[in-house]
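**Student:** Sequence plus the predicted model coming up.
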Amino acid sequence: MVIQYPPRPELSHFISKISLIRYEFDRSRLGPTNPFPPQPEQCLYFYPYDRVRCRNYANQTLEELPHSILVGPQLHRVDLTMGHNMLVIIVWFLPGAMHRLLRVPMDEMLGRPIDSTLLLGKEIDLVSEQLNNTIDFTVMIKIVESYLLKKAKGLKGTLPVEQVLASIIQNKSTPDVDSLARQACVSNRQLERQFKERTGMPPKVFLRLIRFSKAWLIREKDSDISWMKIAHACDYADQMHMVRDFKDFAGVTPGILQSDLERSSLRLQGTTID
């Protein structure tokens, strides 16, 4: 079960939505493992019940994640193995908003989930405990929103580049870098610095990630559409350019990633779609 909640108006300047995901699995079997390709969005996760094991292809590590993590910029696939009693609450930040909240350059968070308490303090543990002590989904969302309202008071100000990032993600478009610099009212060099600070990567890599993510979501929504049509819909020059992006971001070809996904009933990447 996946429920999407729009943020309350006081949070809409830095939060795009909050997702609640609830699953219970047969305890006589291992929890399912699901591939989770990288995506452009940055998120705050809560796992109040069972925790998740994560295989990170960026550094070839396998670890049990804390009850709350911050996931900044990612360029590689992870495999998530679920527990049997799963509740996941995801806070989706608007582009650049995690940097505004943490005041940390996002390239310092590239490729690894971070225990939320390291950057947000022990108050996160109290939020996780409160979430664990209720079964009412509405109350859970109110708990998370109450915490976010406190954090909203200390946000760093915005720059025009945030609007540019939002436009790219909302439209799923891939404009050229010169055009982005003009929209952000900065030079190409300044644009690269601002992108690394807010997305953790240069503009060209971020645009590639946007296109890859769009291709993967199209496939996840429609298993019958051909990869050639997907490549065309995502403005790839040809199918081989798309395959290259899949190898770079997911570590395997499109067909292999699809086969890996089909071994699990979960569709975690699909939670990015309203």
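**Tutor:** Arrived safely, thanks for sending.
**Student:** domain assignment for this protein?
**Tutor:** According to automatic domain parsing, the chain comprises the domains 2-156, 160-262.
**Student:** In TSV: those, plus mean neighbour count.
**Tutor:** C-beta: built from backbone N, CA, C; applies to glycine. As requested, those are exported to TSV (neighbours: other Cβ atoms under 10 Å):
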stretch	mean neighbour count
domain 2-156	17
domain 160-262	17
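**Student:** is it possible to export these to a markdown table including mean pLDDT?
**Tutor:** Output for those, formatted as a markdown table (pLDDT from 0 to 100):
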| stretch | mean pLDDT |
| --- | --- |
| domain 2-156 | 93 |
| domain 160-262 | 89 |
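**Student:** How far off centre is the helix or strand where Pro35 lies?
**Tutor:** Using DSSP states H and E, the element containing Pro35 is strand 33-36. Here strand 33-36 shows a centroid-to-chain-centroid distance of 14 Å under the convention Cα atoms, centre = their mean, to the nearest Å.
**Student:** Stretch 131-140 now?
**Tutor:** Computed by Cα atoms, centre = their mean, the chain-centroid distance of stretch 131-140 equals 23 Å.
**Student:** got the residue ranges for the helices in the stretch 101-250 of the chain?
**Tutor:** 116-120, 123-132, 137-152, 160-171, 177-184, 188-199, 203-221, 227-233, 239-250 (DSSP state H, counting those that start in this stretch).
**Student:** name the helices or strands packed onto the last one?
**Tutor:** So the one you mean is helix 239-250. When contacts are defined as 3 or more Cβ pairs under 8 Å, 6 or more residues apart in numbering; DSSP states H and E, helix 239-250 sits against helix 203-221, helix 227-233, helix 254-262.
**Student:** sorry, back to before: sheet partners, orientation included, of the very next helix or strand once past the strand holding Pro35?
**Tutor:** Downstream of strand 33-36, the first helix or strand assigned by DSSP H and E is strand 43-46. Partner strands for strand 43-46, per DSSP bridges, with pairing direction: strand 68-71 (antiparallel), strand 85-93 (antiparallel).
**Student:** Report the angle between the longest one and helix 123-132.
**Tutor:** Comparing the axes of strand 85-93 and helix 123-132 via axes from the mean of the first three to the mean of the last three Cα atoms, to 10 degrees yields an angle of 130 degrees.
**Student:** so can I have JSON lines of the helices and strands packed on helix 239-250 showing distance to Thr61?
**Tutor:** Output for the helices and strands packed on helix 239-250, formatted as JSON lines (distance: least, Cβ to Cβ, whole Å):
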{"stretch": "helix 203-221", "distance to Thr61": "21"}
{"stretch": "helix 227-233", "distance to Thr61": "31"}
{"stretch": "helix 254-262", "distance to Thr61": "19"}
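**Student:** Identify the residues contacting Leu131.
**Tutor:** Phe46, Pro48, Leu87, Ile89, Met140, Ile143, Val144 (Cβ atoms under 8 Å, 6 or more residues apart in numbering).
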